[in-house]
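Chemist: A predicted structure for the sequence below; I have some questions about it.
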Amino acid sequence: MTRVVVLVAATALCAAFTAGCSSGDQPRDELMVTDNPVAATPAHSPVPTATPAGTLLPLATPVTAVATDPTTRTLAVASGTELRLYDLDALDKAPRALTLPGAAESLTLAGDGGAVLAAVPGRVVRVALPGGALDESVVEGSPVATATFGGDTLVAVRDRKQVAVLDDGQVRRVISGSLLSADQVFSTGPGALVLDRLRNAVFQLDVNQGTFGQGLRAGQGSTNGVVDRWGRVLVTDTRGGALLAFSLDPLLMRQRYPVAGSPYGIAYDAKRDLAWVTLTETNEVVGYQVGGEEPVERHRYPTVAQPNSVAVDPETGRVVVASANGGGVQVVRP
């Protein structure tokens with residue numbers, strides 16, 4: 001099968017696309033293809049026909065998010081309101097089970113290490129690792145994702161179409177305008193980016209000024225992303241079947257690489273420069289080398305059913321894939 005990479009020297013969308021809406025009205029977007037946009041979702045997985053690679057940790061409940069902390073050697077697995085903490089170096093041991101104040105949609109590492117942040121309705125919960133002590137920060141609405149930006153924590157609040165800025169556990173600022181939905185937020189160090197699944201676009205975020213900047217289309221239906229060591233944001237275009245790469249300052253789409261199988265979950269191994277992408281339509285996970293002119297497939301493994309979540313242990317290179325329909329948690333050593 002011929003693989004094609006599109007290198008895009010795109011300019012930002014028209015001013016109408018990026019203009020804020022202080023009146024609270026829906027943003028005027030001349031490039032919207034429908035008045036009733038629908039966010040892309042993972043493809044429904046078929047019944048697995050191949051045995052999942054690696055080791056399987058049984059878990060009958062659907063997993064919504066996974067994360068690995070190399071500092072404390074902890075694997076965190078969110079399933080509803082339950083958070084399980086596994087020892088990455090002794091996965092045969094029973095995990096520590098905690099109860100969160102709500103179902104976690106995402107798990108991200110805290111910027112200062114040794115903790116994971118869980119985005120739950122009305123809260124961002126800091127979970128100390130490996131002990132599991134909880135520290136809650138109130139965030140009105142439905143927080144769905146976080147990112148560390150300097151000493152602050154950026155929180156994507158989907159239903160309120162905004163990004164909250166947490167400082168020392170308190171909301172110090174709320175940034176709104178231009179979005180139909182705030183679904184993920186990314187920090188590249190000097191810059192920040194927001195993914196809007198309904199608008200199907202990414203927007204630059206000026207945290208200091210409290211404003212959204214330029215915006216670009218993100219394929220046909222993008223869902224998840226990570227930041228690589230080159231400062232790019234890698235995004236899965238689930239509806240369009242592609243892996244996208246965006247750079248900031250200026251905001252450009254640098255690559256569009258075709259990926260069959262409905263790409264959804266994504267994790268990044270900075271030490272090996274591998275982007276791990278789950279394919280929910282085929283029950284697979286694929287590792288792409290992403291440091292060159294185009295992604296190069298290096299690994300491909302069969303997975304558990306409905307592999308919506310993926311994480312990687314940067315110390316060992318092991319990949320963790322979790323099932324969203326009760327198929328368990330899979331650990332693969334490439």
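Modeler: Sure thing, it's come through.
Chemist: so residue 78 makes contact with residue 63?
Modeler: Yes. With contact defined as CB atoms under 8 Å, residue 78 reaches residue 63; the gap is 6.7 Å. For the C-beta atoms, the positions are set from N, CA and C on the backbone; glycine is no exception.
Chemist: which residues of the chain score low on pLDDT?
Modeler: 1-35 (pLDDT under 70).
Chemist: Residue 224: which element?
Modeler: Using DSSP states H and E, residue 224 falls within strand 222-227.
Chemist: Give me the residues contacting that strand.
Modeler: Outside strand 222-227, the residues that touch it by CB atoms under 8 Å, 6 or more residues apart in numbering are 39-42, 183-184, 186-188, 195, 197, 200, 202, 233-240, 244, 264-268, 275.
Chemist: hmm, 7 Å instead?
Modeler: With CB atoms under 7 Å, 6 or more residues apart in numbering as the test, strand 222-227 has contacts from 40, 184, 186-188, 195, 197, 200, 233-238, 244, 264-268.
Chemist: cool, and stretch 46-62?
Modeler: If you take CB under 7 Å, 6+ apart as the criterion, stretch 46-62 is touched by 79-80, 91, 283, 301-305, 324-326, 328-333.
Chemist: Buried ones in stretch 69-80, by neighbour count?
Modeler: 69, 72, 73, 74, 75, 76, 77, 78, 79 (16 or more other CB atoms under 10 Å).
Chemist: With stretch 322-334 instead?
Modeler: For stretch 322-334, the neighbour count (16+ other CB under 10 Å) marks 322, 323, 324, 327, 328, 329, 330, 331, 332, 334 as buried.
Chemist: Settle this for me: the last one is touching residue 313, isn't it.
Modeler: No. Residue 334 is not in contact with residue 313 according to CB atoms under 7 Å; the separation is 11.0 Å.
Chemist: Pull the contacting residues for residue 129.
Modeler: So residue 129 contacts 69, 72, 74, 85, 114, 115, 116 (CB under 7 Å, 6+ apart).
Chemist: Tell me who's in contact with residue 155.
Modeler: Listed by CB under 7 Å, 6+ apart, the contact partners of residue 155 are 119, 124, 139, 143, 146, 163, 164, 166.
Chemist: mind running it again at 6 Å?
Modeler: 124, 139, 143, 146, 164 (CB atoms under 6 Å, 6 or more residues apart in numbering).
Chemist: Quick check: the last one vs residue 263, distance?
Modeler: Look at residue 164 and residue 263: by CB to CB, to the nearest Å, they are 29 Å apart.
Chemist: Between the two, tell me which one has more neighbours.
Modeler: residue 263 (30 against 27; other CB atoms under 10 Å).
Chemist: and the more buried one, bridged to which residues?
Modeler: Residue 263 forms beta bridges with residue 279, as assigned by DSSP bridges.
Chemist: Please verify my assumption that it contacts residue 277.
Modeler: Yes. If you go by CB atoms under 6 Å, residue 263 and residue 277 touch, sitting 4.8 Å apart.
Chemist: what's the neighbour count on residue 94?
Modeler: 8.
Chemist: Spell out which helix or strand contains residue 148, please.
Modeler: Going by DSSP H and E, residue 148 is in strand 143-149.
Chemist: same for that strand, what does it pack against?
Modeler: In terms of contacts (3 or more CB pairs under 6 Å, 6 or more residues apart in numbering; DSSP states H and E), strand 143-149 is packed against strand 115-120, strand 152-157, strand 184-187.
Chemist: quick one: which of the ones you listed is nearest residue 135?
Modeler: Checking the helices and strands packed on strand 143-149 against residue 135 by CB to CB gives strand 115-120 as the closest, at 8.5 Å.
Chemist: Residue 229 touches residue 270, doesn't it?
Modeler: Yes. Using CB under 6 Å, residue 229 is in contact with residue 270, at 4.5 Å.
Chemist: I would like the residues contacting the strand or helix carrying residue 297, please.
Modeler: In the assignment (DSSP H and E), residue 297 maps to strand 296-302. By CB under 6 Å, 6+ apart, the residues outside strand 296-302 that reach it are 50, 52, 53, 285, 286, 287, 288, 289, 332, 334.
Chemist: Can you flag the buried ones in those residues?
Modeler: Among the contacts of strand 296-302, those scoring as buried are 52, 53, 285, 286, 287, 288, 332, 334 (criterion: 16+ other CB under 10 Å).
Chemist: Relative to residue 106, which of those residues is nearest.
Modeler: residue 285 (18.6 Å).
Chemist: just how off-centre is stretch 106-119 within its chain?
Modeler: How far stretch 106-119 lies from its chain's middle: 13 Å, per CA atoms, centre = their mean, to the nearest Å.
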